[in-house]
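Undergrad: Generate coordinates for the sequence data below:
(chains A and B)
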2 protein chains.
Amino acid sequence: MGLVVQKYGGSSVADAESVKRVARRIVDAKKAGNDVCVVVSAMGDSTDELIDLARQISPLPPARELDMLLTAGERISMAVLAMAIANLGHEARSFTGSQAGVITDSVHGKARIIDVTPGRIRGALTDGAIAIVAGFQGVSQDTKDITTLGRGGSDTTAVALGAALGADACEIYTDVDGVFTADPRIVPTARRLKRISSEEMLEMAASGAKVLHLRCVEYARRFGLPVHVRSSFSQNEGTWVIDTASMGAEGENVEQPIISGVAHDRSEAKITVVGVADQPGKAAQIFEAVAAAEINLDMIVQNVSAAATGRTDVSFTLPKTDVQTAMTALTKVQEQIGFDALRFDDQIGKVSLIGAGMRSHPGVSAQFFKALAEAGVNIEMISTSEIRISVVTRADAVDDAVRAVHTAFGLDSEGGEAVVYGGTGR
Amino acid sequence: MGLVVQKYGGSSVADAESVKRVARRIVDAKKAGNDVCVVVSAMGDSTDELIDLARQISPLPPARELDMLLTAGERISMAVLAMAIANLGHEARSFTGSQAGVITDSVHGKARIIDVTPGRIRGALTDGAIAIVAGFQGVSQDTKDITTLGRGGSDTTAVALGAALGADACEIYTDVDGVFTADPRIVPTARRLKRISSEEMLEMAASGAKVLHLRCVEYARRFGLPVHVRSSFSQNEGTWVIDTASMGAEGENVEQPIISGVAHDRSEAKITVVGVADQPGKAAQIFEAVAAAEINLDMIVQNVSAAATGRTDVSFTLPKTDVQTAMTALTKVQEQIGFDALRFDDQIGKVSLIGAGMRSHPGVSAQFFKALAEAGVNIEMISTSEIRISVVTRADAVDDAVRAVHTAFGLDSEGGEAVVYGGTGR
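TA: Reported below is the predicted structural model:
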């Protein structure tokens, strides 16, 4: 039929039995007439176990060596998956990221894919074999050292390989049934989306929805590769992430919901640079120092300067895991920039409302803030895009905020209003 | 001072604490002014655990994938060892077998090293870093697939790298104090040898002494690389394995003991090909079939043919792990060769006496057989070299045989006679 890239996450290959189950699923796709390339993550919690081992050895392991260590995880899962497929009478060949031609930059721990040269994968597929590729890893162009793409990087590997191979689709198998209007652990009435535009999925992923890795969605969008997010534990259809252009006939588009979902994120922290001189260029100096440390900021707020002192505070949010690096980088330039102190706060959370429809429907923000106010949620920072509104709140207010917004926009599966903008919520 | 290659086995890096201890030892060698290249095995029992995992997946995993799986073990140990060294303030860089330039043939599971091109290792050493290399693994010249060298292959990696780098010495760290006159678990009075010729060490290893891998000794001998076998748990001197040529002044050589030690092996089995026509070329056909299956035979015995039938039996010993493959290979050519049946026996053991001195001292065999006879040990097969006599016995007679021979040749550390040939034992 065609060429399909399938990606199985760690929970789908947690033990020997799961590996065998996944092997049957892969062989089914092969039997259906497809060329099959599989990307696999490390088994179950094995990556966490390797990180624990590293922590026992060193409080601050060198990033190059941590990457070397962690890539052992997929090496194990891909080899046993190939064995399980061989046991079903089909040929499978496993390949490391390096062997599969996943070329990255040299930023250990969160390398970016520069190029994919999947000559060996093509060779295996031409020979009629199923290719199994280690997710999450690559080899650096300059130093030929082993790199990792960061948590969730296997999704990116799958989509990048799919694009390089010219695959017809990329199936991302996970332990949930697809993309939901909110995290079902927080909102039991959350509904699965049959499809979502890659644009909205991008905002969902950037806002903390863990089902797909942000860079994976970016990649899929850039190459126009349809992605099917589905459960490896059932045969149910999942969620198709597709180009807006291919979202179907206009009639269908009219019925597209205005709001796709509510995402939340408790993985960020806030750093405040206290007492910055309110002069042009000071903020730039701060963000240059942070950028030089390869840290991606999320939201930024600059307070109104106190007239008496001519000084102001600049706050920004960033992944908790980058706080240490950012604080170190900023401390180095404290004298040069001339600020008083650094503060950090790791008890924050972010709640985001995403929907392509809000572009053409004014008033969505008003209803969003109203829902939060009614739920007694205090807002600390705000940021918006054309199709997203996000707020930072206290971490312990996130669940209430998500539920309130989900209900207010009629996203609840039972008793929810039709998803037509203008409702008053409930 | 020079360039030293150190090899640490799995028991020396069994857990985080052991890894830190080994790291201190490596840093000590570096601080003493040496360039240091370290070869490391997988941590503790991790290789066995990976094999168990493979068995849960498939009764007969493809050899290519088994190699891919097992090489994850050293990837973990080398990365954490590099982390532990970094934690002591020294730079260490880990390299896979492939990155270290260990080029092998394509025989998965027991590949042979064809070439070593350690450009990246030289680069690391030139930069002042400690190089950590994964033992036991390489990359095949033809297919660029990952290979393993077989059990104990890390010793071979160390010596091959030492030879390619022009190292001054290769230190093999293990969990025993060196090479003993017999296995101390069987003979509590066994003594550590201060040194042994590579020729004798070769025979010891081939006869089942597990302290050094056979191919490692071959390699060291071919390249004239001195090997120091010692414990990673103490600072004691171990055993030097050196060229006969460099065994020192003649005066010293005179005092060399005639007998170096007694080795034993319970890892072999015996296959008997029953009812082979007693014609020229028949034995050759049998051994060609076995050799084509990449199996190394050890001893071979052909019975005197029964005059009435003109048919004979041919028996040979081989590693137990190869029995299945050998039986399959022989069954395939049964019709062509024309034999009646195959029998196998896995309850055999081998006892060997090794000593360069027996070359010039006739009568050693007589005393060896006398000691075995007095201990009531029945002999099933015999083979000899210039410096070794081996017998096959029942597996359960091995311990008695080893003790009897050890005592008869005055090797016991307490109350033993001076090691001068001609003694009557005790």
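
Undergrad: Doesn't residue A:335 lie inside a helix?
TA: Yes - according to DSSP: H, G, I helix; E, B strand; the rest coil, residue A:335 belongs to a helix.

Undergrad: quick one: it and chain B, what's the gap?
TA: Counting by C-beta to the nearest C-beta, to the nearest Å, the separation of residue A:335 from chain B is 28 Å. In this view, the C-beta of every residue, glycine as well, is placed from N, C-alpha and C.

Undergrad: Name all residues that make contact with residue A:337.
TA: A:276, A:282, A:285-286, A:289 (C-beta atoms under 8 Å, 6 or more residues apart in numbering or on different chains).

Undergrad: For the stretch 51-200 of chain A, which segments are assigned as strands?
TA: Here the stretch 51-200 of chain A has its strands, by DSSP state E, counting those that start in this stretch, at A:92-95, A:102-104, A:113-116, A:130-134, A:137-140, A:146-148, A:169-174, A:195-197.

Undergrad: I'd say residue A:116 and residue A:158 touch.
TA: No - between residue A:116 and residue A:158 there is no contact under C-beta atoms under 8 Å: 11.1 Å.

Undergrad: Would you mind telling me which of those two has the busier surroundings?
TA: Just comparing residue A:116 and residue A:158: by other C-beta atoms under 10 Å in any protein chain shown the higher neighbour count belongs to residue A:158, 32 against 21.

Undergrad: That one reaches residue A:135, doesn't it?
TA: Yes - proximity of residue A:158 to residue A:135 meets the contact threshold set by C-beta under 8 Å, at 6.7 Å.

Undergrad: which residues are common contacts for those two?
TA: Shared contacts of residue A:158 and residue A:135, counting by C-beta under 8 Å, 6+ apart, come down to A:7, A:39.

Undergrad: How about the contacts made by the residue lying closest to residue A:69 once chain neighbours are set aside?
TA: Leaving aside its sequence neighbours, residue A:69 sits nearest to residue B:79 (C-beta to C-beta, 6 or more residues apart in numbering or on different chains; 3.6 Å). Each residue near residue B:79 by C-beta under 8 Å, 6+ apart is listed here: A:54, A:65-66, A:68-69, A:72, B:94.

Undergrad: and with 6 Å instead?
TA: A:65, A:68-69, B:94 (C-beta atoms under 6 Å, 6 or more residues apart in numbering or on different chains).

Undergrad: Distance check, it against residue A:62.
TA: Distance, residue B:79 to residue A:62, by C-beta to C-beta, to the nearest Å: 9 Å.

Undergrad: out of everything not next to it in sequence, what's closest to the residue of the stretch 101-250 of chain A found nearest chain B?
TA: Proximity of the stretch 101-250 of chain A to chain B (C-beta to the nearest C-beta) peaks at residue A:144, 7.4 Å away. Of all residues not flanking residue A:144 in the chain, residue B:99 sits nearest, at 7.4 Å (C-beta to C-beta, 6+ apart).

Undergrad: so how far is residue B:138 from the one you found?
TA: In terms of C-beta to C-beta, residue B:99 sits 11 Å off from residue B:138.

Undergrad: and the two? which has more neighbours close in?
TA: residue B:138 (32 against 22).

Undergrad: and residue A:389, what does it touch?
TA: A:353, A:365, A:368.

Undergrad: closest to residue B:314 among those residues?
TA: The nearest member of the contacts of residue A:389 to residue B:314, counting by C-beta to C-beta, is residue A:353 at 81.9 Å.

Undergrad: Am I right that that closest one falls within a strand?
TA: Yes - assessed by three-state DSSP, residue A:353 belongs to a strand.
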